[in-house]
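> next comes the sequence, and after it the predicted model I'd like to discuss.
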Protein chains: 2
Amino acid sequence: MTLHDKSKYRNVSYLGQKIRETREKQNLLLRQVAAHIEVDTALMSKAERGERNLNRDQVVKLAKFFNSSEEEYISLWLCDKVIEAVDNDPLATQGIKKALTKIKN
Amino acid sequence: MTLHDKSKYRNVSYLGQKIRETREKQNLLLRQVAAHIEVDTALMSKAERGERNLNRDQVVKLAKFFNSSEEEYISLWLCDKVIEAVDNDPLATQGIKKALTKIKN
DNA sequence: TTTTGACTTGTCATGAAGTGTCAAATGTAA
DNA sequence: TTACATTTGACACTTCATGACAAGTCAAAA
């Protein structure tokens, strides 16, 4: 499955949701946020809706801009990447668990 | 990080290790295994060493060919994908944990 | 109703990365 | 040396990610 595949049932990202939520809470416009991390407004819109990914630097900038926890934002960003990686595989949970075990060593 | 980047410290996959281990235990040649899942021997060699990825179907075929647990093989395959996704990020563990939490709901 | 502004959508060019294959190189045991 | 297994590097081809732009929708103000 690709990021652009509209046929999939999940079209949101946890980070995107968080960003939108925070942005609205702080009464900021997409335009303003986009400008701050130096991306197109369209891309920012897509990022909030999980249609495009941001890169690590942009996520960090965003967290700082929002005065939010950088760690929280990066975790969500990674979380989205993990979920995207295992997609909707029936064994997704087991795969993630195994990765967690392995990575600890 | 890309799969082909040789500068990386980690150039193995858990699935690849498992495959090699099993193949040697069963005294099979790369050639034979490759033929069975219908790929080039070179690709099989790379897969065992984590330089290339197999696709889901190939992994399933492999498990069957080895009379091994399909579930185990797919889990390892997903595990590799997860690890590749979070790369060496300092917050990798937290990201994976979060994904695990989210995916359960 | 027309305009304005915020957001969304589609598309495009470009480059990066994945895939399968082959030939040559390397290693190793007879 | 020869034979065979494995590895490596390179290639063509495809697929996907990225950034950018223009046009679209939509709601509220004028």
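Looks like it came in fine.

> ok, the residue nearest the centre of chain A - contacts?
Central residue of chain A (CA atoms, centre = their mean): residue A:15, 3.4 Å from the mean position. By CB atoms under 8 Å, 6 or more residues apart in numbering or on different chains, residue A:15 lies in contact with A:47, A:54, A:59, A:73, A:76, A:77, A:79, A:80. Heads up, the C-betas are built off the backbone N, CA and C, glycines and all.

> mind checking how far it is from residue A:45?
Here the criterion is CB to CB, to the nearest Å. By it, residue A:15 lies 14 Å from residue A:45.

> top of the contacts of residue A:15 by neighbour count?
Among the contacts of residue A:15, residue A:77 has the most neighbours (other CB atoms under 10 Å in any protein chain shown), with 29 neighbours.

> right, and it touches residue A:56 too?
Yes. Using CB atoms under 8 Å, residue A:77 is in contact with residue A:56, at 7.0 Å.

> need the max-distance pair from the contacts of residue A:15.
Between any two of those, the greatest separation by CB to CB is 14.7 Å, found for A:47 and A:79.

> and the helix or strand where residue A:101 lies, how far out from the chain middle?
Following DSSP states H and E, one finds residue A:101 within helix A:92-104. Centroid separation for helix A:92-104 versus its chain: 20 Å, with CA atoms, centre = their mean, to the nearest Å.

> tell me the angle of the strand or helix carrying residue A:21 relative to helix B:92-104?
Assigned by DSSP H and E, residue A:21 belongs to helix A:14-25. Calculated by axes from the mean of the first three to the mean of the last three CA atoms, to 10 degrees, helix A:14-25 forms an angle of 90 degrees with helix B:92-104.

> and whichever residue of chain A sits closest to DNA strand D, backbone torsions?
Nearest residue of chain A to DNA strand D: residue A:42, at 3.5 Å (CB to the nearest atom of the strand). Taking degrees, to the nearest 10, you get phi -60, psi -40 for the backbone angles of residue A:42.

> residue boundaries of the helices in chain A?
Secondary structure of chain A (DSSP state H): helices located at A:14-25, A:30-36, A:41-48, A:56-65, A:70-86, A:92-104.

> list the buried residues in the first one.
What that stands for is helix A:14-25. By 16 or more other CB atoms under 10 Å in any protein chain shown, the buried positions in helix A:14-25 come out as A:14, A:15, A:16, A:18, A:19, A:20, A:22, A:23.

> that one near DNA strand D anywhere?
No. Helix A:14-25 stays clear of DNA strand D (CB under 7 Å from any atom of the strand), getting no nearer than 13.0 Å.

> off-centre distance for that helix?
For helix A:14-25, the distance to the chain centre is 10 Å (CA atoms, centre = their mean).

> now that helix and helix A:56-65, what's the angle there?
Here helix A:14-25 points in a direction 30 degrees away from that of helix A:56-65 (the same axes, to 10 degrees).

> got the residues of chain A near DNA strand C?
Applying CB under 7 Å from any atom of the strand, one finds that chain A approaches DNA strand C through A:6, A:29, A:30, A:31, A:41, A:42, A:45, A:46, A:48, A:49, A:51.
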